[in-house]
Every structure is written in structure tokens, then in C-alpha cells.
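Novice: what would the 3D arrangement of this be:
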Amino acid sequence: RIVTEFTLSSGRGRRVSLISPKLDTKTMAYMCRMLAQSSRGSVQIDRALELMMGEHGKTRLRRLMPPIIDHIKRGGTLAEAFQLQGRYVPEQFLELIDAAERGGKAEIAFEYLAHDYEKRLEFLRAMTRQLLYPLLLVIIAVYVIPWYIGVMTTALSVEEFTCRYLFQIVTRHRNSNYSS
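Specialist: As a prediction, the model looks like this:
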């Protein structure tokens, strides 16, 4: 059995999900953009979902879409179909699609959702880039600087120490290849 969700229970009855089965931001942005383009181009929604899960589609979407497509082909609405898979899609997506379908504005809802998820993805990428530099500084401070101080305080020259260090790495690598 595959674990799809790992939760912790706090003292007040809340559950905090650490590994969520919900689609990630990048996948949601892709799905909403594809649905927006398809609805703009007058492609039937079930056909758009089939195209989305095609051979170049994302793996999680390929697993998620068949029950949704089946529900739509049996006459159900898109909102109902996604509600059946509600564990995998965000609540905001479900609410907006339901309201948009009832109001006949699905194309606008898909455009809004695509734009929203793309902005979220842009924010996450920018935040990751900004956190990378401080993380790199911590790694340098914890590992590289102590190693360098060790090199400089030994009686060996830097060149001799580096040669011995590289020789040890090569020797370990050769020994590991012979032992396997």
C-alpha cells in the first residue's frame, strides 16, 4: 500500500498534513492553463482532459483524469467530477469551478485559476532562489571554512594536503569499484 498522506495531530484536534496527496502548484497551473486554452478554442471538456493526460502529460494527471472523464461522459458536470477527486485538488479550485459552471463562466474561471497558480509558482521559484544564497553561506560556514582552517593549520602545504586528499578519494573510489 502506498502512503499518500502523512499527518500529525496537534493537541487541539487539528491535523497538519506534511505530505499531501493534492496536486502541486506547477501541475495545477498546467491543468488550468490547458483547460483555459481548450475552452477558448471550443474543445469539448472531456476531449481537453483526454489530451491533457496524453503521452506527454504529467503522471499525476494521467492517474487522476480517467474517473473525471468517465463522470463527464456519463452526463455529470465538471465540478461534480472534480468533487469526486476532491482529495487531490485544492478546495479553492473546486469552489470556483462549481460557481463558474453554474454561472456559465468556466472559461473566465480557468483563466483566473491559471493566472493565480502561475503567479504562485513564480513566487515559490523566486523564494527558492532567494533562500538558496543564505543556505549556501551556511554550508560554506559549516563545512568549507573548517576544512580550509584545518588545511592551513597543518604542517603540510596546501598543495600537498590537496594532493593527499584527492589521492584518498581516488583510492576509495577504486576500492569501492573492485569490491562491487
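
Novice: where exactly do the helices run in the chain?
Specialist: Counting by DSSP state H, the chain has these helices, from start to end: 25-40, 45-52, 59-73, 78-84, 91-103, 106-139, 145-153, 158-179.

Novice: low-confidence ranges in the protein?
Specialist: 1-19, 55-57, 151-158, 177-180 (pLDDT under 70).

Novice: center of it - which residue?
Specialist: The centroid of the chain falls nearest to residue 24 when counting by Cα atoms, centre = their mean (4.5 Å).

Novice: buried residues in stretch 165-176?
Specialist: Residues of stretch 165-176 include none that count as buried (16 or more other Cβ atoms under 10 Å). All C-beta spots, glycine's among them, are computed from the backbone N, C-alpha and C.

Novice: would you pull up how far that stretch lies from the middle of the chain?
Specialist: 37 Å (Cα atoms, centre = their mean, to the nearest Å).

Novice: near the nearest residue to residue 58 once chain neighbours are set aside, how many residues? Count them for me, please.
Specialist: Leaving out its chain neighbours, the residue that sits closest to residue 58 by Cβ to Cβ, 6 or more residues apart in numbering is residue 27, at 5.5 Å. Residues contacting residue 27 under the criterion other Cβ atoms under 10 Å number 20.

Novice: I'd say residue 27 and residue 61 touch.
Specialist: Yes - applying Cβ atoms under 8 Å, one finds residue 27 in contact with residue 61, separated by 6.5 Å.

Novice: that older thread, point out the most buried one among the helices of the chain.
Specialist: helix 25-40 (a mean of 20; mean count of other Cβ atoms under 10 Å).

Novice: tilt between that one and helix 59-73?
Specialist: Here the directions of helix 25-40 and helix 59-73 differ by 40 degrees (axes from the mean of the first three to the mean of the last three Cα atoms, to 10 degrees).

Novice: quick one: contacts of helix 25-40?
Specialist: 23, 45, 47-49, 51-52, 58, 60-61, 89-90, 93, 106-107, 110-111, 113-114, 116-118, 120-121, 124 (Cβ atoms under 8 Å, 6 or more residues apart in numbering).
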